[in-house]
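Trainee: predicted model and sequence follow; I will ask about them next.
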Amino acid sequence: MIFLLLVLFVNLSASLSYIPPKITVHRLSINPIISFWHNQSQFRFNYNSAFISLPDDSIALVVRVQDLLPNATSNYDVGPSKLALVRQLDSKQNKFEYVHSEQIIIDSDDRPYQVAGVEDPRIIVVNGSYYLFYTAVYWTPSHEWSAHAALATCASNKDPTKKENWILHPPLFPELSWSKAATLLVHNVTHQYLFFNESNIELALATTSDLLHYTYTNRSFIEKRVDYFDSELVEPGPEPRRLSDGNYLFLYNSARRLPLPTNHLKPNWDREYNLGWVIMDGNDPTKILARSDQPILTPELDWERCDLTSNKWAERGLTPQVVFAEGWKQTSIDQFTLWYQGCDAVTGVAQVTVEF
């Protein structure tokens, strides 16, 4: 008992003595960089974009794409989503290829357990091989949504832009009724951690020894907080990145409830999504050294709000009051390019800067 108390005291003292850096987000464009409405995609909705570095060192995004159902009567009658891989054409202007159906690498009808859609891509590369974590969604026999964290891999000697080169693996946590939005941290050869949203509420932790099979630790890693911007939901952002001080920066997506009545057109929607962060111990990433008190990115632009004050965007967004990040690339020491989405409809780009 004395030993346990001492360990707890040491861990708490280390956390209290840590002075976190200043973390800011600056939008690199006031307009979306991938949008149906700007003639950049054949799909109506283009969001949840993950960064992927290709074998020739060029840059691409894996984008969640979605269209309205053929018999849709509103903007919210959508069909299953798919994942498309889109190459960058101009890094200075953040310009990407036109998004079309031939770029699909994972489709909703590829497996029975994802017939309602594939979502939430996050990608890491280990020894040249690609690990693409995504969410497989289907309808249960009782007509309820069910989501499961899933994995697709592409070997180092294969071209990841080709659909046939991706191997789809079974859901990672079949014992759980709901798991989604997984992202991986390879800390070292013996400590590899998967972070994911469990029960559509909190951010949970799993471990792996082979990057293919995962053991749920039955513990929350980041919990929601009453009276904060993350009071309703916490969910992983892109993979944690090591900073110049040796610790990890982990961005996470979050939600809070909006006061009723809401100022938008979507029925029964009363949430706002924001971006927060935690600093994880560089020696033991299961320890959190600091956490944001305020969001670093919140819906502000018309295509991020999609409410009744957003002019034409009031009828374009699938989900109002949303910013959500799933992909980033380190560009210099403690600086990153971040791709994020607005209103479950379009992809934007920003810069994350960390100052010690």
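Mentor: Nice, I can see it. Quantities reported herein were computed from a predicted structural model and do not represent experimental measurements. Residues are numbered from 1 along each chain as shown.

Trainee: from here on, contacts and neighbour counts on C-alpha atoms
Mentor: Noted.

Trainee: where do the strands sit along the stretch 1-150 of the chain?
Mentor: Taking DSSP state E, counting those that start in this stretch to define them, one finds strands in the stretch 1-150 of the chain at 22-27, 45-53, 59-66, 82-90, 95-96, 104-106, 117-126, 129-139, 145-154.

Trainee: what sits up against the fifth one?
Mentor: Residues from elsewhere that reach strand 95-96 (Cα atoms under 8 Å, 6 or more residues apart in numbering): Ile33, Ile34, Ala60, Val86, Arg87, Gln88, Leu89, Asp90.

Trainee: before we move on, what about the last one?
Mentor: When contacts are taken as Cα under 8 Å, 6+ apart, the neighbours of strand 145-154 outside the stretch itself are 129-140, 160, 165-174, 176-182, 196, 212.

Trainee: about what we covered before: buried subset of the contacts of strand 95-96 as a ChimeraX selection?
Mentor: Of those, the buried ones go into a single ChimeraX selection, burial set by 16 or more other Cα atoms under 10 Å:
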select :33,34,60,86,87,88
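
Trainee: can you give me the helices for this structure?
Mentor: 2-17, 302-305 (DSSP state H).

Trainee: rank those by pLDDT, which is bottom?
Mentor: Mean pLDDT across the helices of the chain is lowest at helix 2-17; the value there is a mean of 48.

Trainee: re the thing from before, looking at the strands of the stretch 1-150 of the chain, which is buried most?
Mentor: With neighbours defined as mean count of other Cα atoms under 10 Å, those peak in mean count at strand 45-53, which reaches a mean of 27.

Trainee: the inter-axis angle of that strand versus strand 82-90?
Mentor: Here strand 45-53 points in a direction 60 degrees away from that of strand 82-90 (axes from the mean of the first three to the mean of the last three Cα atoms, to 10 degrees).

Trainee: alpha carbons only: can I get strand 45-53 in PDB?
Mentor: C-alpha atoms of strand 45-53 as PDB (Å, rounded to 0.1, in the frame of the first residue of the first chain):
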ATOM      1  CA  PHE A  45     -19.800  15.300 -49.000                       C
ATOM      2  CA  ASN A  46     -15.900  15.100 -48.700                       C
ATOM      3  CA  TYR A  47     -14.700  15.000 -45.100                       C
ATOM      4  CA  ASN A  48     -12.800  13.100 -42.400                       C
ATOM      5  CA  SER A  49      -9.600  13.300 -44.400                       C
ATOM      6  CA  ALA A  50      -6.500  11.400 -43.300                       C
ATOM      7  CA  PHE A  51      -2.900  12.100 -44.400                       C
ATOM      8  CA  ILE A  52      -0.900   9.500 -46.200                       C
ATOM      9  CA  SER A  53       2.600   9.700 -47.500                       C
END
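
Trainee: give me the sheet partners of it and which way each runs.
Mentor: If you go by DSSP bridges, strand 45-53 pairs up with strand 59-66 (antiparallel).

Trainee: contacts for the strand it pairs with?
Mentor: Strand 59-66 has contacts (Cα under 8 Å, 6+ apart) with 43-54, 78-88, 96, 118-121.

Trainee: for stretch 210-222, same thing?
Mentor: 151, 172-173, 192, 194-195, 202-208, 234, 286.

Trainee: check stretch 166-182 too.
Mentor: Stretch 166-182 is contacted from outside by 105, 119-122, 133-136, 146-154, 160, 194-200, 213-216, 235-236, using Cα under 8 Å, 6+ apart.

Trainee: same thing but 7 Å
Mentor: 120, 133-135, 146-154, 194-200, 213-214, 235-236 (Cα atoms under 7 Å, 6 or more residues apart in numbering).

Trainee: average pLDDT across that stretch?
Mentor: 96.

Trainee: coming back round to it: mind listing which of the contacts of stretch 210-222 are in strands?
Mentor: The members of those that map onto strands under DSSP state E are Leu151, Gln192, Leu194, Phe195, Glu202, Leu203, Ala204, Leu205, Ala206, Thr207, Thr208, Val234.

Trainee: count of neighbours near the third one?
Mentor: When you say that, I think you mean Leu194. For Leu194, the neighbour count with other Cα atoms under 10 Å is 21.

Trainee: who touches it in this structure?
Mentor: So Leu194 contacts Ala182, Thr183, Leu184, Leu185, Leu205, Ala206, Thr207 (Cα under 7 Å, 6+ apart).

Trainee: can you redo those residues as CSV with distance to Cys343 and neighbour count?
Mentor: Formatted as CSV, the contacts of Leu194 follow (distance: Cα to Cα, whole Å; neighbours: other Cα atoms under 10 Å):
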residue, distance to Cys343, neighbour count
Ala182, 21, 32
Thr183, 22, 27
Leu184, 25, 25
Leu185, 28, 19
Leu205, 28, 22
Ala206, 30, 22
Thr207, 32, 19
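
Trainee: which one of those residues is nearest Pro20?
Mentor: Distance to Pro20 across those (Cα to Cα) is lowest for Leu185, with 20.5 Å.

Trainee: now do the contacts for the closest one.
Mentor: Gln192, Tyr193, Leu194, Glu239, Pro240.

Trainee: looking at the contacts of strand 95-96, which gets the smallest pLDDT?
Mentor: The member of these with the lowest pLDDT is Asp90, at 84.
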